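K.L.:
kindly return the folded structure for what I paste below:
(4 chains)
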Number of protein chains: 2
Amino acid sequence: MGSIVDVARLAGVSPATASRVLSGSSHAVSQATRSRVEAAAEELDFVPNALARGLLKSRAPIVGVIVHDITDPYFSEIVRGIEDQAEASGYLVITSSSDRIPAREESYVRLLRGMRAAAVLFAGSGIRDEAFEERVARHLTAMERYGAAVVHLSPSARGPALVGVDNVAAMAEVVRALAALGHRRIGYVGGPEWLYVAADRERGYRNALAEAGIEMEPQLLVRASFDQAGGADAAERLLRADPRLTAIACANDLQALGVLDRLAQLGVSVPDELSVTGFDDIPGASRTTPSLSTVHLPLRDLGRSGFQQAEKILAGRRPHRRLLAHELVLRRSTSKPRRAARVAAEMPTELVAP
Amino acid sequence: MGSIVDVARLAGVSPATASRVLSGSSHAVSQATRSRVEAAAEELDFVPNALARGLLKSRAPIVGVIVHDITDPYFSEIVRGIEDQAEASGYLVITSSSDRIPAREESYVRLLRGMRAAAVLFAGSGIRDEAFEERVARHLTAMERYGAAVVHLSPSARGPALVGVDNVAAMAEVVRALAALGHRRIGYVGGPEWLYVAADRERGYRNALAEAGIEMEPQLLVRASFDQAGGADAAERLLRADPRLTAIACANDLQALGVLDRLAQLGVSVPDELSVTGFDDIPGASRTTPSLSTVHLPLRDLGRSGFQQAEKILAGRRPHRRLLAHELVLRRSTSKPRRAARVAAEMPTELVAP
DNA sequence: TAGCCTACTGCAAACCTTTTCCAACCACGG
DNA sequence: CCGTGGTTGGAAAAGGTTTGCAGTAGGCTA
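P.N.:
Got it, this is the predicted structure:
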């Protein structure tokens, strides 16, 4: 119903000519015919069948984005950036929340491959899992064979991100800032160890500690899931492991929110007794109480830039690795260590009668 | 490269047979041939071309979701629900952020139509704009003609949502609760008037007021964009319009966040001087200070349910309108009116010497 | 005026699956 | 031995678009 041959017939030309007008081909078509075809298309409310076109070009005007959870503001910001850029080029964006489950991620990539998506962008970090990585790699190379672009926005088994931020350096800055405030006993809430990005941020923590001449104490490093529940849980474990802690750096804003929540429940005041930092600067990080010190990541730019790289690859040009600037933003959840307050809360008698 | 005929050749059968095995057809195929085909497909790492299949069925295994902004937690929750349900059925989800710009929404729907998407779900409210509505309607009927399902999760030009919540009743509950606390001068921050859902919620406000015997005062109703900036701005306008206000109901959580922010800047304490309510219960509504009273919407269920309806339509069954339960959740941003505190702040002398 | 070039247009094949016939085959009962 | 019916597999068409190749006409040059 309503194909290009109908348009051609109405315009009194061959389907070939109609196609050349409607698909923006560079093939010469006289102005007169062109107008007739356009009028016919308009009249018939014709919209070309992207499936047929894609079948022929062996590539659909679709870009797939693999995220961990679209509900996580970190990812929705990135997706939005991709969307904005993609819409301008007439691409549609498919989002797929893997929940960090390898099988689910593979299933999505396979679906995307079947659909002959023009590009697939991995917004989230790669997952360390051998069998799975191999299966995904197979799909990816198959996709590249038909001309698709593959872009990583985070480190993965394939190596560092094609466009991303320097997670190691950024986390080092955070911890360095904490050390500069006078903190020595700095706890760290890391992400799952099977997430490449978590490893990077953890490395930043270790580096900064070494650089500041602070010995890394194993019990000060705990790992948790990249969400609020993980953070809340980790805060408790950390406090139990070392009550003399004066700061907690989190690998993630969501974790930091969880830490803040749990600390409030526990009656530990931030930043007086404990400084807390996050990472990512998701919208909402500035609305916590106290507002969260974190590192701002240009998430939307990351998405935009990622799609641009994909386009570049599709155009046959060689992409170049790109690092986006991050920025340390110190808000109210960090301060100099003031352990007195903490001690006061714990043993008031000592202070009242010195 | 690597089509079903290669698989057929390797298995020593015709493409027809291979197709019958691989596409789960009901046509009988002996177990022996079946196994041979499956082995061949595995061997060749064959993934069927969804474009070719879609071209034939004139429908791609894709569902498009039109949202206003994927970055808004309201929408990302819905999308997640749709995704979860869609993945189980082998559908891919395309998200499109229209930013409430009619032209952009139309462009997305057109793209979806070209792609022969099996379904399109409108997560956000319809936009009141005649020319635009007509153009979108044309696309939609064209889609329905080729068998696509169209589902609205919010009121639109086509009428009430196919699956949604009762916005009128829910907002009425909020305002009724405020009235029950003793509030009489209740300001209302509405959404843009060209958004169908905003009209519904506003109606709820008016209804509750009438029901409580409170006369509706025009200057107590202001309209603003459905985001934080809108809320912040509206708070100020409302306060200027009537300093004796004791409560502000917002059409939206995001607006309420903006109101809370601005009120804090202005030094107005919530809920002592002013009660504030939101609507939607986005994640984060419980983390504000004070935590936000609002109405909880089962967003993820809404998405899930929406996709189910779409599937039902695709299966040829008649969908039935479905209302999901909402729930009023009173947190700390609401209390009885305690105007004394407010007056004290403004005119201390009067109180000190009565 | 012949010949060539340019600008334009049309034909038909190709992209990859699915699906409708049809044919072949088997076993079985009459 | 033949007809019947069920099972299995193949040939071919269809779905909508793009594109290489070929063809036409008109204009320009020599």
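K.L.:
where do the helices sit along the stretch 151-300 of chain A?
P.N.:
A:167-180, A:196-211, A:228-241, A:253-266, A:299-314 (DSSP state H, counting those that start in this stretch).
K.L.:
can you redo the ones you listed as CSV with distance to A:Met115, mean neighbour count and mean pLDDT?
P.N.:
(Each C-beta comes from the backbone N, C-alpha and C, glycine too.) Putting those into CSV (distance: least, Cβ to Cβ, whole Å; neighbours: other Cβ atoms under 10 Å in any protein chain shown; pLDDT from 0 to 100) gives the following:
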stretch, distance to A:Met115, mean neighbour count, mean pLDDT
helix A:167-180, 31, 21, 98
helix A:196-211, 26, 20, 97
helix A:228-241, 34, 20, 96
helix A:253-266, 31, 23, 96
helix A:299-314, 15, 22, 97
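K.L.:
A:His68 reaches A:Ile101, doesn't it?
P.N.:
No. With contacts counted by Cβ atoms under 8 Å, A:His68 stays clear of A:Ile101, the gap being 9.4 Å.
K.L.:
and the two? which has more neighbours close in?
P.N.:
A:His68 (24 against 13; other Cβ atoms under 10 Å in any protein chain shown).
K.L.:
only the buried residues of stretch A:55-65, if you could.
P.N.:
Judged by neighbour count (16 or more other Cβ atoms under 10 Å in any protein chain shown), stretch A:55-65 contains these buried residues: A:55, A:59-65.
K.L.:
try stretch A:78-95
P.N.:
Buried residues in stretch A:78-95, counted by 16+ other Cβ under 10 Å: A:78-87, A:91-95.
K.L.:
where does the prediction get shaky in chain A?
P.N.:
In the predicted model of chain A, residues A:1, A:339-354 satisfy pLDDT under 70.
K.L.:
switch to 90 and redo it
P.N.:
Where chain A drops to pLDDT under 90, the residues are A:1-2, A:24-26, A:283-284, A:287, A:289, A:338-354.
K.L.:
where does the stretch 251-354 of chain A get nearest to chain B, residue-wise?
P.N.:
The minimum distance from the stretch 251-354 of chain A to chain B, using Cβ to the nearest Cβ, falls at A:Thr289 (4.8 Å).
K.L.:
that residue against B:Thr289, yeah?
P.N.:
Yes. Contact criterion Cβ under 8 Å: A:Thr289 and B:Thr289 qualify, at 4.8 Å.
K.L.:
dump the lengthiest strand in chain A to CSV, keeping only the CA atoms.
P.N.:
Across chain A, the longest stretch assigned as strand under DSSP state E is strand A:60-67. Extracted in CSV, the C-alpha atoms of strand A:60-67 (Å, rounded to 0.1, in the frame of the first residue of the first chain):
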residue,chain,number,x,y,z
ALA,A,60,19.3,0.2,8.8
PRO,A,61,19.3,3.9,10.0
ILE,A,62,19.3,2.7,13.5
VAL,A,63,21.9,3.1,16.3
GLY,A,64,21.7,0.8,19.3
VAL,A,65,22.9,1.9,22.7
ILE,A,66,23.7,-0.6,25.3
VAL,A,67,23.2,0.8,28.8
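K.L.:
which elements pack onto it?
P.N.:
For strand A:60-67, the elements it packs on are helix A:50-57, helix A:73-88, strand A:92-97, helix A:102-114, strand A:117-122, judged by 3 or more Cβ pairs under 8 Å, 6 or more residues apart in numbering or on different chains; DSSP states H and E.
K.L.:
ok so, going back, can you lay out the helices of the stretch 151-300 of chain A as a markdown table showing distance to DNA strand C?
P.N.:
Below are the helices of the stretch 151-300 of chain A laid out as a markdown table (distance: least, Cβ to the nearest atom of the strand, whole Å):
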| stretch | distance to DNA strand C |
| --- | --- |
| helix A:167-180 | 40 |
| helix A:196-211 | 33 |
| helix A:228-241 | 42 |
| helix A:253-266 | 41 |
| helix A:299-314 | 18 |
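K.L.:
how far away is the residue lying closest to A:Leu314 once chain neighbours are set aside from DNA strand D?
P.N.:
Computed as Cβ to Cβ, 6 or more residues apart in numbering or on different chains, the closest residue to A:Leu314 that is not its neighbour in sequence is A:Ala149, at 5.2 Å. The gap separating A:Ala149 from DNA strand D is 18 Å, by Cβ to the nearest atom of the strand, to the nearest Å.
K.L.:
quick one: residues contacting A:Ala149.
P.N.:
Residues counted as contacts of A:Ala149 (Cβ atoms under 8 Å, 6 or more residues apart in numbering or on different chains) are A:118-120, A:309-311, A:313-314.
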